[in-house]
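Undergrad: I would like the atomic coordinates for the input below:
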Amino acid sequence: MSDFFEKNKKHIYFLLILTVTYLAIQYLLPLFLPLVLSFIIVAPLNPFLERACDKTRMGKGFLAGIILLLVCTVIGILGWFLVSCCLHQVEAFVKNISFYENQFTIFVRDCSRMVEDRFGMNADQIETLILERVDIFIEDMQVQILPNVMNQSFLYLKIGIEAITFLVVTVIAAILLAKDFEAMNSRISKVRYYKDVKEIAVSIGKLFGGFFKAQFIILIIIALICIGGLYFAKINHYVLLGIITGILDVLPFVGTGIILLPIALWQLLKGKIWSGIILCATFVISALARELLEPKLIGKKMGVFPIGILISVYAGVKLFGLSGVLLGPLYMLIVCECYRRIY
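TA: Got it, this is the predicted structure:
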């Protein structure tokens, strides 16, 4: 038995790391997420807090609280601005719903006539069939989907309260951790394997930081492309829509098309052909830009092929749910780093 263990010691360690890491991410991380986030916030801030304390004679916890309060305030203002703009767009859409219905009817009529000219089918029958299907779809939404959405108001309130509670706990944990960071670090440093775990954590942190930096650069470039395309297409609030499109493009399996293509379709329905063409071209250019930038930036920063990131995201979503968008690449980086060190 001992001979078997000695021969396969590396493989056993590696399988053990795979299992423990998965169980930790799946079950322990949700329980201690506020503490983990507070550590991620405080660890890089600690040198700055040390210097600020020496100059201002203020407590580290107090300074950390001020910084977090400012950051939360800025994020809250930006979030409120984005929500307000989205609600304004929805309100404008509802007010002009009759106009869009009229444009859609004209679009269906023109398409039906084109089909009649090409294939000899009756245009009136095609138009009637399409419009009836659209009416049935709208009625189903009004009868089933919308009431269900309204009935979930209590659930939305619960989610909002949980989010606020999570934020408050994270901020408090960060303030307390900043206050005693050095003392806790000195005690933990005496634990066995602390040095190895710290080296692995630092290495993974650098890789993950490189991944976020690369994604941020791509986000900025895609957002600028979308802003330019929306501007030349003469779309209102082009800056806001361009930023939202750039953010959505970061999410896997979403992309810029979720914003650009519906707007392009509405422009075509309204008879603004050039606007629709410009938006479609913007979608193609942004997709090509991501395809060109990802191998250079992500592969260079992380030493991982983009296909590896895509697979890790897909597997992460399957294993951990929606949070797997981040947890999948994190799990992959931990496994890869441990593999390099063991073998």
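
Undergrad: Please make it C-alpha for all contacts and neighbour counts, starting now.
TA: OK.

Undergrad: Centre of the chain to the helix or strand where residue 284 lies, how far?
TA: Assigned by DSSP states H and E, residue 284 belongs to helix 273-302. Here the centre of helix 273-302 is set off from its chain's centre by 17 Å, with C-alpha atoms, centre = their mean, to the nearest Å.

Undergrad: Likewise for stretch 264-282?
TA: Worked out by C-alpha atoms, centre = their mean, stretch 264-282 lies 27 Å from the chain centre.

Undergrad: Put the alpha carbons of it into CSV.
TA: The C-alpha trace of stretch 264-282 is given here as CSV (Å, rounded to 0.1, in the frame of the first residue of the first chain):
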residue,chain,number,x,y,z
ALA,A,264,-31.2,47.8,-36.3
LEU,A,265,-34.5,46.0,-36.9
TRP,A,266,-36.5,48.9,-35.5
GLN,A,267,-34.6,51.3,-37.7
LEU,A,268,-35.4,49.2,-40.7
LEU,A,269,-39.1,49.0,-39.7
LYS,A,270,-39.1,52.8,-39.4
GLY,A,271,-37.7,53.0,-43.0
LYS,A,272,-34.3,54.2,-41.9
ILE,A,273,-32.3,51.8,-44.1
TRP,A,274,-28.9,53.4,-43.7
SER,A,275,-29.2,53.4,-39.9
GLY,A,276,-30.0,49.7,-39.9
ILE,A,277,-27.1,49.0,-42.2
ILE,A,278,-24.7,51.0,-40.0
LEU,A,279,-25.8,49.1,-36.9
CYS,A,280,-25.5,45.7,-38.6
ALA,A,281,-22.0,46.7,-39.7
THR,A,282,-21.2,47.9,-36.2
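
Undergrad: 41 is where my numbering starts, stick with that
TA: From this message on, residue numbering opens at 41, which makes the last subject stretch 304-322.

Undergrad: ok, and what's touching it?
TA: Here stretch 304-322 makes contact (C-alpha atoms under 8 Å, 6 or more residues apart in numbering) with 140, 143-144, 146-147, 265-266, 269-270, 272-274, 300-301, 303.

Undergrad: of all those, which two lie farthest apart?
TA: 146 and 265 (31.5 Å; C-alpha to C-alpha).

Undergrad: one step back: what's downstream of the helix holding residue 324, the next helix or strand?
TA: Assigned by DSSP H and E, the successor of helix 313-342 is helix 346-360.

Undergrad: for that next one, what is the average pLDDT?
TA: Here helix 346-360 scores 78 as its mean pLDDT.

Undergrad: Compute the distance between the most centrally placed residue in the chain and residue 370, please.
TA: Compute the mean C-alpha point of the chain, and by C-alpha atoms, centre = their mean the closest residue is residue 291, 4.7 Å away. Residue 291 sits 16 Å away from residue 370, going by C-alpha to C-alpha, to the nearest Å.

Undergrad: Ok, residue 96 next?
TA: Residue 96 is 38 Å from residue 370, by C-alpha to C-alpha.

Undergrad: How about residue 327?
TA: Counting by C-alpha to C-alpha - residue 327 and residue 370 are separated by 25 Å.

Undergrad: try residue 164
TA: Residue 164 is 57 Å from residue 370, by C-alpha to C-alpha.

Undergrad: For the one helix or strand residue 151 maps to, buried residues please.
TA: Residue 151 belongs to helix 137-159 when assigned by DSSP H and E. By neighbour count with 16 or more other C-alpha atoms under 10 Å, helix 137-159 contains the buried residues 140, 143, 144, 145, 146, 147, 148, 149, 152, 153.
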